[in-house]
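> Give me the fold of what follows.
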Amino acid sequence: MKCWDTISRKLLMVLLLAGTMETVALGAAEGADPNEAAATSLNLQDLDVGTAQDILTRIYTLLAEYGLKIVGALLIFIVGRWVAGFVSKLAAKAMKRAKMDETLVRFVQNLCYVVLLTFIIIAALAKMGLQTASFVAVLGAAGLAIGLALQGSLSNFASGVLMLIFKPIRVGDFVEAGGAKGSVKEIGIFTTILNSPDNVRIIVPNSQITGSNISNYTVNGTRRVDMVIGVSYEDDLQKTKEVIEKVLAGDERILPDPPIQVAVSELADSSVNLVVRPWVNVADYWPTYFDLTAQIKVALEENGITIPFPQHDVHLKNGNLASSIE
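Numbering: from 1, shown residues only. Presented below is the predicted three-dimensional model:
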């Protein structure tokens, strides 16, 4: 009983303080002296049960009106935050199952969480009775301003996301794209880094890569070595083909399928040109190209086949200089 009596007294003091503050505020608003208003409100002799009940009623009304709104807003925020985290993690797991790039997975997960959390905060503020229309308008205007200011960067960002999703190139591929050629070192959200054959690092904006043709020399696994060999018009073409085919047959790096092609491609001014087209693995392309060029020349010379080159023949006729180009 003593405990309840103590609690009742403390509650009465709180109610008196609340009533005093309200009276002071009303008196100040009407131009009355705050000290007189406070003295009047603190007069315990004028306090009766009806006044206390009126104060309690006002407090209950305020709690019923705003307390439930605050509790509802907190529930929306807490539950919504958990849902945002769950949805973002679910999206990340789905992207990992699809074997998407880890950089894109983390970015999409964070972006999904932030967007959902923004909508949740707006919903919680609306539950508390705050006007969110102006807040949404400010966010929209800020987003538009940022989008216009970062138009080029956003274009690179969108291109980077598309590259990470569709994967036209991968790290390690030798490509020609965006006006540059080299091995792909890194694919970022905004730029792609290439290393050129002479070990120069090239940073290319992603929008330039997706906005132009992309030549990927690695993705198919094999490449055709294209060579042009010129021989004299006096040489035997059949013998020339046999010599070249023998050189190609002795190189183990050349693939049996597709078949090797050795054929006459052009009757030029000073030579008969033959195309030599063997297939090799991507890693063997340049070593094979350089070795075959030297080996074919040596083999043709050993078999008496001439590799012509442009020259001028000068003829003297009746003491005058006459020249003709053959």
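> Tell me how far residue 271 lies from residue 278.
21 Å (C-beta to C-beta, to the nearest Å). To be clear about C-beta, it is placed using only N, CA and C from the backbone, and glycine gets the same treatment.
> Comparing those two, which shows the higher neighbour count?
residue 278 (25 against 20; other C-beta atoms under 10 Å).
> In this structure that one contacts residue 288, no?
Yes: applying C-beta atoms under 8 Å, one finds residue 278 in contact with residue 288, separated by 7.3 Å.
> what touches both of those two?
Listed as contacting both residue 278 and residue 288 by C-beta atoms under 8 Å, 6 or more residues apart in numbering are 225, 251, 254.
> Those, buried ones only, as a ChimeraX selection?
To isolate the buried members of the shared contacts of residue 278 and residue 288 in ChimeraX, using 16 or more other C-beta atoms under 10 Å:
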select :225,254
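> Can I get the shared contacts of residue 278 and residue 288 in a markdown table including secondary structure, distance to residue 160 and pLDDT?
Compiled in a markdown table, the shared contacts of residue 278 and residue 288 are given as follows (DSSP: H, G, I helix; E, B strand; the rest coil; distance: C-beta to C-beta, whole Å; pLDDT from 0 to 100):
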| residue | secondary structure | distance to residue 160 | pLDDT |
| --- | --- | --- | --- |
| 225 | coil | 34 | 95 |
| 251 | coil | 41 | 91 |
| 254 | coil | 39 | 94 |
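> nearest to residue 265, of the shared contacts of residue 278 and residue 288?
residue 225 (14.8 Å; C-beta to C-beta).
> who's in contact with the closest one?
276-280, 285, 288-289, 292.
> for the chain, what spans make up the helices?
2-30, 34-41, 49-62, 68-97, 102-127, 133-149, 151-166, 206-210, 237-249, 285-302 (DSSP state H).
> Out of those, which is the most enclosed?
Of all these, helix 206-210 has the most neighbours on average by mean count of other C-beta atoms under 10 Å, namely a mean of 22.
> What is that one packed up against?
Helix 206-210 is packed against helix 151-166, strand 191-195, with contacts defined by 3 or more C-beta pairs under 8 Å, 6 or more residues apart in numbering; DSSP states H and E.
> What lies in contact with that helix?
Contacts for helix 206-210 (C-beta under 8 Å, 6+ apart): 152, 155-160, 162-163, 168-169, 177-179, 188-192.
> cool, and stretch 247-261?
222, 224, 245, 262, 275-281, 284, 287-288, 291-292, 295-296, 299.
> Return, as residue ranges, the portions of the protein with sub-threshold pLDDT.
The chain contains residues with pLDDT under 70 at 1-52, 60, 62-65, 146, 148-151, 312-313, 315-326.
> at 80 what do you get?
Along the chain, the model assigns pLDDT under 80 to residues 1-69, 95, 98-104, 107, 127-153, 309-326.
> before we move on, the earlier item: biggest separation within the contacts of residue 225, which pair?
It's 276 and 285 that sit farthest apart of these, by C-beta to C-beta, at 14.1 Å.
> Now for residue 191, how many residues are close by?
Neighbours of residue 191 using other C-beta under 10 Å come to 19.
> Domain map for the protein?
159-216, 222-302 (automatic domain parsing).
> Tell me which of these lies nearest to residue 72.
When the domains of the chain are compared (using C-beta to C-beta), the closest one is domain 159-216, at 37.2 Å.
> That closest one: end-to-end distance?
End-to-end distance for domain 159-216, by C-alpha to C-alpha, to the nearest Å: 17 Å.
> Kindly report the same for stretch 224-239.
24 Å.
> buried set for it?
225, 227, 229, 231, 235.
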